[in-house]
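>>> sharing a sequence plus its predicted fold:
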Amino acid sequence: MMYKRIFLVLFLVSGWCNAQEPKLEETLIDRVSEQYEYLYHYSIKFLDTDKPMPRTLVEGKLHAVSIYDWTSGFYPGSMWNLYGLTNNTEWKNRANYYTKLLEPLQFYTETHDLGFMIGDSYGNALKYMDNQDYEMVIVQAAKSLSSRFKPKAGILQSWNSNDKWQCPVIIDNMMNLEMLFEATRISGDSTYYNIAVAHANTTMRNHFRDDYSSYHVLDYDINTDNILKRNTAQGYKDESAWARGQAWGLYGYVIMYRETKDAKYLAQANNIANFIINHKNLPVDKIPYWDYDAPVTNKTPRDASAAAITASALYELSTYVNNDLNALYVNRANNILQSLAAEPYLAEVGTNEGFLLKHSTGHLPINSEIDVPINYADYYFLEALLRQRNLNKDN
Ligand code: GLY
């Protein structure tokens, strides 16, 4: 009898505590949602222009870009992630509205980034609704992206040829493959699946060094499949490990394993994760400098976006591995989110023009977007929060 009474008291006290103090996770979700209200209200000013999509800050002011910018899918994608986190239909309506602005992109063949642009907008929409029109946009976008496939080299061309490169392919391109798998699922046409597999295999063969770090840009001879050059564009030097590139590679091979269940992709993802997690230049807060090989001084900029992408990828990868690796990946992803969700990374509500995260680095060698908020950092931060919450629920 006495035990029952003690139990009841403990139960009531714990219930009271829960009712009085929202869990940290809920507080954070409220906070990011409130902050994104600011971004939404700043961004609607740009809706009637040819640059409706918020991307970053320039001199402290919101800088918006056209739907043809490679980052145009991240804003609607972030709103889909917010809808997933909050279940608030306001975010769903806004996400839908901004997603539809991207409809013309399905026919755009001048970029390899369609997987980012259409996948993060239309692809996320389909997680929350059935919509055949949206499915058709994804299939058409996959068709447009496939026009960049070079069969002899077995690779999707990234940027168009220029004075320096004949057929440049960047590690980031691994992120465009998810949409191809989705298109095969929708259409039943395995062409897209096969292109994704060919691209991932060629990249795995050529883009990585012995320590599983990756080059940024490879130049292919499309007639012989020879590699003409191994370079960087956004990194510190050709032989360095540009931080966001490592994150794209990790995320890309996690997708490959999810979609094919081929063990070689899981091994590749584990090896890339190992490179990132154990890197000697990784700061204590686990937010990398913009390049793992950049000289470190107290002015070397970080890249919060690389950290957010890594965290999101690690949460998914943790679900495919055994207990020890699972704990390692979840702990590391949690550490990253803990850092990002605090000073100096998470902006105070109402500041930063509504962007969530500070301290990302876009393209340092051309002096562009250094130590700023960027829409893709926010997108992957929200996606990582969503994945963390779903994993906690499952557990
Ligand atoms: N895909 C370009 C970048 O990561 O900056």
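Sure, I can see it.

>>> tell me which element the closest residue in space to Ser190 that isn't next to it in sequence falls in.
Leaving aside its sequence neighbours, Ser190 sits nearest to Thr184 (CB to CB, 6 or more residues apart in numbering; 5.7 Å). To be clear about C-beta, it is placed using only N, CA and C from the backbone, and glycine gets the same treatment. Secondary structure assignment for Thr184, by DSSP states H and E: helix 177-187.

>>> quick one: that helix near the ligand?
No. Helix 177-187 lies out of reach of the ligand by CB under 6 Å from any ligand atom, never closer than 13.9 Å.

>>> the helix or strand following that helix packs against which elements?
Next along the chain after helix 177-187, taking DSSP H and E as the criterion, comes helix 191-206. Contacts defined by 3 or more CB pairs under 8 Å, 6 or more residues apart in numbering; DSSP states H and E place helix 191-206 against helix 132-146, strand 149-150, strand 155-156, helix 177-187, helix 243-260, helix 263-277.

>>> got the ones you listed as a markdown table, with distance to Asp221 columns?
Below are the helices and strands packed on helix 191-206 laid out as a markdown table (distance: least, CB to CB, whole Å):
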| stretch | distance to Asp221 |
| --- | --- |
| helix 132-146 | 21 |
| strand 149-150 | 10 |
| strand 155-156 | 11 |
| helix 177-187 | 22 |
| helix 243-260 | 22 |
| helix 263-277 | 24 |
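
>>> tabulate the ones you listed (CSV), appending mean pLDDT.
Below are these laid out as CSV (pLDDT from 0 to 100):
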stretch, mean pLDDT
helix 132-146, 98
strand 149-150, 97
strand 155-156, 97
helix 177-187, 98
helix 243-260, 99
helix 263-277, 98
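
>>> tabulate those in CSV, adding columns for mean neighbour count.
Formatted as CSV, the helices and strands packed on helix 191-206 follow (neighbours: other CB atoms under 10 Å):
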stretch, mean neighbour count
helix 132-146, 20
strand 149-150, 20
strand 155-156, 26
helix 177-187, 22
helix 243-260, 26
helix 263-277, 20
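
>>> residue contacts, the closest residue to Glu316 other than its chain neighbours?
Of all residues not flanking Glu316 in the chain, Val254 sits nearest, at 5.2 Å (CB to CB, 6+ apart). The contact partners of Val254, by CB atoms under 8 Å, 6 or more residues apart in numbering, come to 269, 313, 316-317, 320.

>>> if we go to 7 Å?
269, 313, 316-317 (CB atoms under 7 Å, 6 or more residues apart in numbering).

>>> hang on, the earlier thing: helices or strands up against the helix holding Thr184?
Contact partners of helix 177-187 among helices and strands, from 3 or more CB pairs under 7 Å, 6 or more residues apart in numbering; DSSP states H and E: helix 114-118, helix 132-146, helix 191-206, helix 243-260.

>>> so which of those is nearest the ligand?
Closest to the ligand of the helices and strands packed on helix 177-187 is helix 243-260 (CB to the nearest ligand atom; 4.8 Å).

>>> stretch 219-230: end-to-end distance?
Start-to-end span of stretch 219-230 (CA to CA, to the nearest Å) is 7 Å.

>>> burial measure for whichever residue of the stretch 1-150 of the chain sits closest to the ligand, as a count.
Distances between the stretch 1-150 of the chain and the ligand by CB to the nearest ligand atom are smallest at Trp70, namely 5.9 Å. Neighbourhood size, Trp70 [other CB atoms under 10 Å]: 16.

>>> how about it, nearest residue that isn't a chain neighbour?
Asp113 (3.9 Å).

>>> got the helices and strands packed on helix 177-187 as TSV, with distance to Tyr212 columns?
TSV is the format used below for these (distance: least, CB to CB, whole Å):
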stretch	distance to Tyr212
helix 114-118	23
helix 132-146	26
helix 191-206	10
helix 243-260	8
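
>>> right, so of these, which gets closest to Leu391?
helix 243-260 (14.2 Å; CB to CB).

>>> would you mind listing what in this protein touches the ligand?
Counting by CB under 6 Å from any ligand atom, the chain comes close to the ligand at 70, 172, 234, 244, 362.

>>> please repeat the previous calculation with a cut-off of 5 Å.
Contact residues (CB under 5 Å from any ligand atom) of the chain with the ligand: 172, 244.

>>> which stretches of the chain form strands?
Listed in chain order, the strands found in the chain under DSSP state E are 53-58, 61-65, 149-150, 155-156, 168-170, 217-220, 227-231, 360-363, 368-372.

>>> what lines up beside the second one in the sheet?
Strand pairing for strand 61-65, determined by DSSP bridges: strand 53-58 (antiparallel).

>>> the fourth one too?
For strand 155-156, the paired strands and their directions (DSSP bridges) read strand 149-150 (antiparallel).

>>> so what touches the strand it pairs with?
Strand 149-150 is contacted from outside by 156-157, 167, 195, 220, 222, using CB under 7 Å, 6+ apart.

>>> between the strands of the chain, which one is nearest to Ala95?
Ala95 lies closest, by CB to CB, to one member of those: strand 53-58, at 12.8 Å.

>>> contacting residues around that closest one?
So strand 53-58 is contacted by 39, 43, 62-65, 67, 69, 71-72, 75, 353, 355, 369, 372-375 (CB under 7 Å, 6+ apart).

>>> if you set the cut-off to 8 Å instead, what comes out?
Applying CB under 8 Å, 6+ apart, the external contacts of strand 53-58 come out as 39, 42-43, 46, 62-67, 69, 71-72, 75, 98, 101, 352-355, 362, 369, 372-375.

>>> re the thing from before, nearest to Glu348, of the contacts of strand 149-150?
For the contacts of strand 149-150, the nearest to Glu348 is Leu156 (41.0 Å; CB to CB).
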